[in-house]
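A.B. asks: Task: produce atomic coordinates for the following.
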Amino acid sequence: MEDNAQPPSQFEMRQYLTYRLAKLQNALNVQAARMLSAHSNLILTEWRVLFILHTISTATMSMIVQESRLDKAQISRAVKALVEKGYVSTVQDENDQRRHLISATPEGRELKDRLLPAMMRRQQALTDGLQKDEVESFFRVIQQLEEVALRREF
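C.D. replies: Down below sits the predicted model:
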């Protein structure tokens, strides 16, 4: 370190994009977990799986992992818990015995339908006070960051 160089401070961490995004993600996850526990017996990862199954009615584990970008072990535990709770079912894929097809049960679809309005109100609250073009710009920036994050070399 140069003689006149300042040691990094806590305040300088605020200038790091990854630090700020991690703080935001943690705060949003805590908020969502509180909402889910107030309205259901789901944890956040289970909600995400159930919501993905709303979009992709029948999915494989790898499809859910790819869509969520969550760890395969997290998704596996969430699917197992959802099966135990009766919200999803799995059947072996006839075309590939190594894969299971995952889909929401009627109870899972009913729970998703019941939770969705509260989660959508939360989504709306996150963008309240922002102009439409600001939200669109934010999503473009997020898309660019996701593409960079998928790169393996710099």
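A.B. asks: going forward, measure contacts and count neighbours with C-alpha atoms only.
C.D. replies: Will do.
A.B. asks: Can you check what pLDDT the model gives P8?
C.D. replies: Turning to P8, the model gives it a pLDDT of 57.
A.B. asks: same question, Y16
C.D. replies: pLDDT, Y16: 87.
A.B. asks: Quick check: which ranges of this structure have low pLDDT?
C.D. replies: Residue ranges of the chain with pLDDT under 70: 1-11.
A.B. asks: try 90 this time
C.D. replies: Filtered on pLDDT under 90, the chain yields the residue ranges 1-17, 55, 57, 69, 92-99, 149-154.
A.B. asks: Okay, strands next: where are they in it?
C.D. replies: Using DSSP state E, the strands of the chain run over 58-59, 88-92, 100-104.
A.B. asks: Mean neighbour count and distance to A78 for those - can I get that in JSON lines?
C.D. replies: Converted to JSON lines, these look like this (neighbours: other C-alpha atoms under 10 Å; distance: least, C-alpha to C-alpha, whole Å):
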{"stretch": "strand 58-59", "mean neighbour count": "18", "distance to A78": "14"}
{"stretch": "strand 88-92", "mean neighbour count": "17", "distance to A78": "10"}
{"stretch": "strand 100-104", "mean neighbour count": "22", "distance to A78": "12"}
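A.B. asks: Save those strands as CSV, and put in distance to Q124 too.
C.D. replies: Shown next, in CSV, are the strands of the chain (distance: least, C-alpha to C-alpha, whole Å):
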stretch, distance to Q124
strand 58-59, 28
strand 88-92, 28
strand 100-104, 26
